[in-house]
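>>> Sequence first, then the predicted structure, then my questions.
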Number of protein chains: 2
Amino acid sequence: MLNSKVVITMKMHLDCIPCIQKQVLQTARLATEDISVQKQILRETLQVIQKSDWNTRTILLAYETQAIISRITGNNDPYSEVKVKYNKMILDLYPDLQKEVKNAKDSLLTVSKLAIAGNIIDFGALKPFDIKKTLNRLLKTPLTVDHSHLLRKRLSNAKSLIFLADNTGEIVFDKLLLETILQEFSLERILFVIKKEPILNDAMRLDAEAVGISSIPQIELYEVGRDRRDPNFISLLEKFDVVISKGQANFEDLHDIEYIFFLLILKCEVIAKETGLPEGSTLLSTGSRASNQ
Amino acid sequence: MLNSKVVITMKMHLDCIPCIQKQVLQTARLATEDISVQKQILRETLQVIQKSDWNTRTILLAYETQAIISRITGNNDPYSEVKVKYNKMILDLYPDLQKEVKNAKDSLLTVSKLAIAGNIIDFGALKPFDIKKTLNRLLKTPLTVDHSHLLRKRLSNAKSLIFLADNTGEIVFDKLLLETILQEFSLERILFVIKKEPILNDAMRLDAEAVGISSIPQIELYEVGRDRRDPNFISLLEKFDVVISKGQANFEDLHDIEYIFFLLILKCEVIAKETGLPEGSTLLSTGSRASNQ
């Protein structure tokens, strides 16, 4: 259950300032090996951050600073190779993952755990990760927050689902989650939301096509821009019977919306502190206002 | 043995830029609870870093940015309470540490290991630390780099020693090291070098007095300014038969000087990469040019 002290919209914290620069540096190193160009990117990043008002949301400043890299290097998608690699890597695990779900007592909970474990594939979180270790850990232990009974209830009466994807590679786990949901519940339509423009290793149309999500008949793709608090996007969410959101950035931006089911691993000190949950926590959780259900 | 690829003077790396800001933020939070003042400090830090030439040594930029905090808050020594606490905490362990050395087969190596373990008390390294765990680990395992035979040889013919201290709390271990050296070797004079001005939790005169180092008859205190590459300081080092240096910042600045014995735990990715040794490595090592001895 989420801590009641969670603020309604998470504003940027001072700790995010150096962290954003580390993200820029990581991406810059993928975009160019030229240290003088990396230096130029970082210096410009400092300038942009220094001039920004710091009352924004972290994700918006992350977008703005990541854009410096493509502007300076001409490389619009520095994670492109990383993304192809992780899609392939998880696709190779797919038959084993399917068996795991087939043999599970509670297939919805098991497939949700796999989808949450998949959230470890996150280059934006700047932490080294081990997918197999995370999978094993999650399968053996209960989730830190488990609202799967509420998700099951919601899915039982639902015809439509909107799914906010997070990272490349991770979406292979999401595919299995959605296939399992389609087998167990009578959903007619799923909207799979990916990013319109590259940002870190976030999944895009190309990735959804590569892992075969777009070829599932009930699933349509939908590309979203940089701001998930855009009123048009929020009203889109409201048109669906069930909303599932993957990952930390979506949680950061939308956690106050009670009807959303968030699936993620907490990978950031700041958000861990805000929620009162330890880093590494695993969540299948409704938005904070629904936490007392 | 140190990797031969170690550069002669470690320049600042791009990774140091966000890291310096994290140090500032940590210190700012000790100096003031007012978030708007912390914000002002961080914003000014970004400005100072953005304008600096980045071809400097990290330590100099760390000094410059830490100074912003006292300028804005009027608090000249935000770590003062932390320092008192750690001096006391390690003094409480002193009788046990003495027994450990007394019972050791090789008292110089054992007391050196304790002194290296003490280097874990480092607020500048921004990593959580556990002193007892580090002590146990070091006593049970060999050092990553062990030039203790060279140190023994050097001490056998020596009359004078200059000792570059690092952190508060840690200096209690250094006291035991120096007492052991005085018992085993016929040294007449030891100069114990502490900082003239507060910087992070680095030891100062007050700390050396609090832990009783200054009351050892053969030991004099010497206060050094911010730049250990100052030619006057380097020529002071050369006047002594043995030079022992504690900690990572001293290593970063002076590691190319072959006659210095460095005692430290590697706590920083950048320096780990430079030396080719893993993070957490424990070193009792001569400077890089003497590594083939």
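Perfect, thanks for sending it.
>>> which residues sit in contact with whatever residue of the stretch 51-200 of chain A ends up closest to chain B?
Going by CB to the nearest CB, chain B is nearest to residue A:54 of the stretch 51-200 of chain A, at 6.6 Å. (Each C-beta comes from the backbone N, C-alpha and C, glycine too.) For residue A:54, the contact set (CB atoms under 8 Å, 6 or more residues apart in numbering or on different chains) comprises A:12, A:14, A:17, B:39, B:43.
>>> Regarding the second one, what is its secondary structure?
Following DSSP: H, G, I helix; E, B strand; the rest coil, the label given to residue A:14 is coil.
>>> Test my guess that it contacts residue B:38.
Yes: proximity of residue A:14 to residue B:38 meets the contact threshold set by CB atoms under 8 Å, at 6.0 Å.
>>> Now do the shared contacts for these two.
When contacts are counted by CB under 8 Å, 6+ apart, residue A:14 and residue B:38 have residue B:25 as shared neighbours.
>>> So which of the contacts of residue A:54 wins on neighbours?
When neighbours are counted by other CB atoms under 10 Å in any protein chain shown, residue A:17 leads those with 25 neighbours.
>>> Check whether that residue sits in a helix, strand or coil.
Secondary structure assignment for residue A:17 (three-state DSSP): helix.
>>> what's near enough to touch the closest residue to residue A:246 other than its chain neighbours?
Spatial nearest neighbour of residue A:246, excluding adjacent residues (CB to CB, 6 or more residues apart in numbering or on different chains): residue A:166 at 4.0 Å. If you count contacts by CB under 8 Å, 6+ apart, residue A:166 has them with A:119, A:122, A:202-203, A:246-250, A:264.
>>> From the recorded domain assignment, give the ranges for chain A.
A:16-73, A:80-290 (automatic domain parsing).
>>> Would it be right to say that residue A:100 lies in a helix?
Yes: checked against three-state DSSP, residue A:100 lies within a helix.
>>> I'd like to know how far residue A:271 sits from chain B.
Counting by CB to the nearest CB, to the nearest Å, the separation of residue A:271 from chain B is 17 Å.
>>> What about that residue, how many residues nearby?
Neighbours of residue A:271 (other CB under 10 Å): 22.
>>> show me the contacts for it.
A:10, A:248, A:251-252.
>>> ok, now which ones touch residue A:59?
Each residue near residue A:59 by CB under 8 Å, 6+ apart is listed here: A:226, A:228, A:249, A:252-253.
>>> I'd like to know which residues of chain A are adjacent to chain B.
For chain A, the contact set with chain B under CB under 8 Å from any CB of the partner chain comprises A:14-15, A:17-19, A:21-22, A:25, A:35, A:38-39, A:42-43, A:46-47, A:49-50, A:54.
>>> Mind giving me the PyMOL command for buried ones among these?
Here is the PyMOL command that selects the buried residues among those (16 or more other CB atoms under 10 Å in any protein chain shown):
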select buried, chain A and resi 14+15+17+18+19+21+22+25+38+42+43+46+49+50+54
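>>> now, which of the residues of chain A next to chain B lie within helices?
Among the residues of chain A next to chain B, DSSP state H puts A:17-19, A:21-22, A:25, A:35, A:38-39, A:42-43, A:46-47, A:49-50 in helices.
>>> need the helices for the stretch 151-293 of chain A, in chain order.
According to DSSP state H, counting those that start in this stretch, the stretch 151-293 of chain A carries its helices in the segments A:170-184, A:205-210, A:231-238, A:248-254, A:269-275.
>>> Find the closest residue to chain B in the stretch 1-150 of chain A.
Closest point on the stretch 1-150 of chain A to chain B, by CB to the nearest CB, is residue A:18, at 3.7 Å.
>>> For that residue, which non-adjacent residue is closest in space?
Closest to residue A:18 by CB to CB, 6+ apart is residue B:18, at 3.7 Å.
>>> what does residue A:125 give?
Nearest non-adjacent residue to residue A:125, counting by CB to CB, 6+ apart: residue A:267, 3.9 Å away.
>>> Give me the neighbour count for the one you found.
Around residue A:267 there are 20 other residues, counting by other CB under 10 Å.
>>> Any stretches of the stretch 151-293 of chain A with poor pLDDT?
The model of the stretch 151-293 of chain A has pLDDT under 70 over residues A:288-293.
>>> 50 - rerun?
Filtered on pLDDT under 50, the stretch 151-293 of chain A yields the residue ranges A:289-293.
>>> which residues does the residue in it that chain B sits nearest to contact?
Of all residues in the stretch 151-293 of chain A, residue A:269 sits closest to chain B, at 11.0 Å by CB to the nearest CB. Shown in contact with residue A:269 (CB under 8 Å, 6+ apart): A:15, A:279.
>>> Roughly how far does it sit from residue A:24?
Applying CB to CB, to the nearest Å, the value for residue A:269 to residue A:24 is 19 Å.
>>> How about residue A:259?
For residue A:259 relative to residue A:24 (CB to CB), the value is 34 Å.
>>> What of residue A:18?
Separation of residue A:18 from residue A:24 (CB to CB) stands at 11 Å.
>>> got it, and residue A:185?
Distance from residue A:185 to residue A:24, counting by CB to CB: 42 Å.
>>> ok, the two, which is more surrounded?
For the pair residue A:185 and residue A:24, the greater number of neighbours falls to residue A:24 (25 against 17), based on other CB under 10 Å.
>>> got the contact list for that one?
Residue A:24 neighbours (CB under 8 Å, 6+ apart): A:41-42, A:45, A:65-66, A:68-69.
>>> quick one: which two of the residues you listed are the most distant?
Using CB to CB, those reach their maximum pairwise distance at A:42 and A:66, which is 12.5 Å.
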